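Visitor: Turn this into a structure:
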Amino acid sequence: MRGVNRVNWLGCPYLNPRPEHRAKVETWQRAYLDLAGQLESSGNASEAREHRYLASECSRLLRVMDLLERAEADGAWHPTYAALGTSAKER
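Guide: Below is the predicted model of the structure:
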C-alpha cells in the first residue's frame, strides 16, 4: 500500500487537517467502507482490507478535526490559514 493516498492526503506527514473539509472526508469514509464490503463479497479480501484501512484513516482525521474545532471554540487555538484569508480557488 502506498504511504500517501492523494484523496484527502491520507498518510501525508504534512497534512493540515481543516475542519471545514469534514463533509468531504465523511463522504470518502463511507465510499471506502462501501467498496470494502463489495470487495469482500467478491472474494477480494486484501483489497477490502486496504479500503477498511483507508476508512480508519478517515476516522482518525475526523477525530483530529473534532479536536481542532473544540480548541478553536474554546479560544485555545486559532488556525493560521484563517488569518491568511481564502485563496481564489477556495472562493
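Visitor: how many other residues sit next to residue 62?
Guide: 15 (other C-beta atoms under 10 Å). In this view, the C-beta of every residue, glycine as well, is placed from N, C-alpha and C.
Visitor: and it, how far is that from residue 12?
Guide: Distance of residue 62 to residue 12, given as C-beta to C-beta, to the nearest Å: 16 Å.
Visitor: element containing the closest residue to residue 10 other than its chain neighbours?
Guide: Sequence neighbours aside, residue 57 is the residue nearest to residue 10 in space, at 4.4 Å (criterion: C-beta to C-beta, 6 or more residues apart in numbering). Using DSSP states H and E, residue 57 falls within helix 45-74.
Visitor: need the contact list for the closest residue to residue 68 other than its chain neighbours.
Guide: Computed as C-beta to C-beta, 6+ apart, the closest residue to residue 68 that is not its neighbour in sequence is residue 19, at 5.5 Å. Contact analysis of residue 19 by C-beta atoms under 8 Å, 6 or more residues apart in numbering lists 65, 68-69, 72.
Visitor: before we move on, the earlier item: next SSE after the helix holding residue 57?
Guide: Helices and strands here follow DSSP H and E; after helix 45-74, the next one along the chain is helix 80-84.
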